[in-house]
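> Have a look; sequence and predicted model below, questions after that.
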Amino acid sequence: TGPESAVMRGLQRVGRGDIAALRAVGDLFRAIDNAYGGGHARQPLVRYLESEAEPMLRGRYGEAVGRSLFGAVADLTRLAGWCSYDMGAHGLAQRYFVQALRLSQAANDRQYGAYVLVTMSRQAVYLGHGREAVQLGRVAQQGVGATAPVLVQSLMHAAEARGHALLGDARSAAASLVRAERALQAARPGDEFPGWARFFDEAQLADEFAHCYRDLQQWRPALQYAERSLRLRPQANARARLFTRTVLATARLGVGDVEEACNTAVEALRAASEMRSVRAAEYLRDFARRLAPYRGTPAARAFDDQARAAGLLGA
């Protein structure tokens, strides 16, 4: 159901102020998710969606307000999916993503629809489905075409790169990363781009490079890009910093610096103890698995002890 068919239904009159409130709530939950993990944001966000946002869709509004309303609810719905994904509820997350796609179609917002596809591509990477990740990234690119803001294009090329890297296709990953980098470099201050793309900056792109090089087992560039991302990334993005720090630890392990790798991982472990994020815990478990050949070293034993104390590796 699009905005037009909803115009005459329901009793609640929906105006610009309601939409501004929905957007502000989205920003609030996004900040909580970034800093403390999806486990803190998901349930109150879902309750807000059900009790406040969805009834607005059944309210009364004109066509322009209707499009904005569907767009704002699409954003909240994608975020509910993102928080579910962060907590390992993957089937539930996918249902929210599909719903967010439908809402973005009703809003006639192709760019946001493409962003939802990119989100699904990221989940596919996390679940180890490289081909699906590449496909979703490409469909997102086709959906917006060459007219999309360069920031949006950069984000989509980076998503495709992650899929290629997961498949071990270094050449295709490098080509997508180059496209992502060129697009981001073409961005100018004062450029118009959607608010949801704001997170995609130099720190985020460096993080994408680091993840790709980790998956390709190219440890030196993974290390350099992870360090660059951490230098540029604000402290408020605690979970993103934790992921990058764990990638850095893995890269240090890859170049044979076991002690530094473990020190870095312990820092990530401390951050993980302050958030509710299944993904954060899984990143650290992945590092612990990679540490297995070095179990005899004091640094590895110290990490293991702290990880067990944090409840990460079992008793």
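On my side now, so go ahead. None of the values given here were measured: they were computed from a predicted structure.

> Contacts only, for G163.
S121, A124, V125, G130, R131, E132, A133, V134, Q135, L136, G137 (CB atoms under 8 Å, 6 or more residues apart in numbering). The C-beta positions use only the backbone N, C-alpha and C, and glycine is treated the same way.

> Report pLDDT for the fifth one.
It refers to R131. As predicted, R131 sits at a pLDDT of 98.

> was I right about it contacting L167?
Yes - counting by CB atoms under 8 Å, R131 does reach L167; the two are 6.8 Å apart.

> The two: which is more packed in?
Each of R131 and L167 has its neighbours counted (other CB atoms under 10 Å); L167 has more, 17 against 12.

> For that one, grab phi and psi.
phi -80, psi 0 (degrees, to the nearest 10).

> Quick check: it touching V134?
Yes - L167 is in contact with V134 according to CB under 8 Å; the separation is 7.3 Å.

> quick revisit: from the contacts of G163, which two are the most distant?
For the contacts of G163, the farthest-apart pair by CB to CB is V125 and Q135; their separation is 11.9 Å.

> what about these two, which has more around it?
V125 (22 against 17).

> Quick check: which element contains that one?
helix 110-126 (DSSP states H and E).

> hey, C-alpha coordinates of the longest helix seen in the chain in PDB?
Scanning the chain for the helix with the most residues, using DSSP state H, yields helix 63-86. Once non-C-alpha atoms are left out, helix 63-86 reads as follows in PDB (Å, rounded to 0.1, in the frame of the first residue of the first chain):
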ATOM      1  CA  GLU A  63       0.800  12.500  -0.900                       C
ATOM      2  CA  ALA A  64       4.100  14.400  -0.100                       C
ATOM      3  CA  VAL A  65       3.800  13.800   3.700                       C
ATOM      4  CA  GLY A  66       2.900  10.200   2.900                       C
ATOM      5  CA  ARG A  67       6.100   9.600   1.000                       C
ATOM      6  CA  SER A  68       8.200  11.200   3.800                       C
ATOM      7  CA  LEU A  69       6.300   9.100   6.400                       C
ATOM      8  CA  PHE A  70       6.900   5.800   4.600                       C
ATOM      9  CA  GLY A  71      10.600   6.800   4.200                       C
ATOM     10  CA  ALA A  72      11.000   7.500   7.900                       C
ATOM     11  CA  VAL A  73       9.200   4.200   8.900                       C
ATOM     12  CA  ALA A  74      11.400   2.400   6.300                       C
ATOM     13  CA  ASP A  75      14.500   3.800   8.200                       C
ATOM     14  CA  LEU A  76      13.200   2.700  11.600                       C
ATOM     15  CA  THR A  77      12.300  -0.800  10.200                       C
ATOM     16  CA  ARG A  78      15.800  -1.300   8.600                       C
ATOM     17  CA  LEU A  79      17.300  -0.200  12.000                       C
ATOM     18  CA  ALA A  80      15.200  -2.800  13.800                       C
ATOM     19  CA  GLY A  81      16.600  -5.400  11.400                       C
ATOM     20  CA  TRP A  82      20.100  -4.100  11.900                       C
ATOM     21  CA  CYS A  83      19.800  -4.400  15.700                       C
ATOM     22  CA  SER A  84      18.300  -8.000  15.300                       C
ATOM     23  CA  TYR A  85      21.300  -8.900  13.000                       C
ATOM     24  CA  ASP A  86      23.700  -7.500  15.600                       C
END
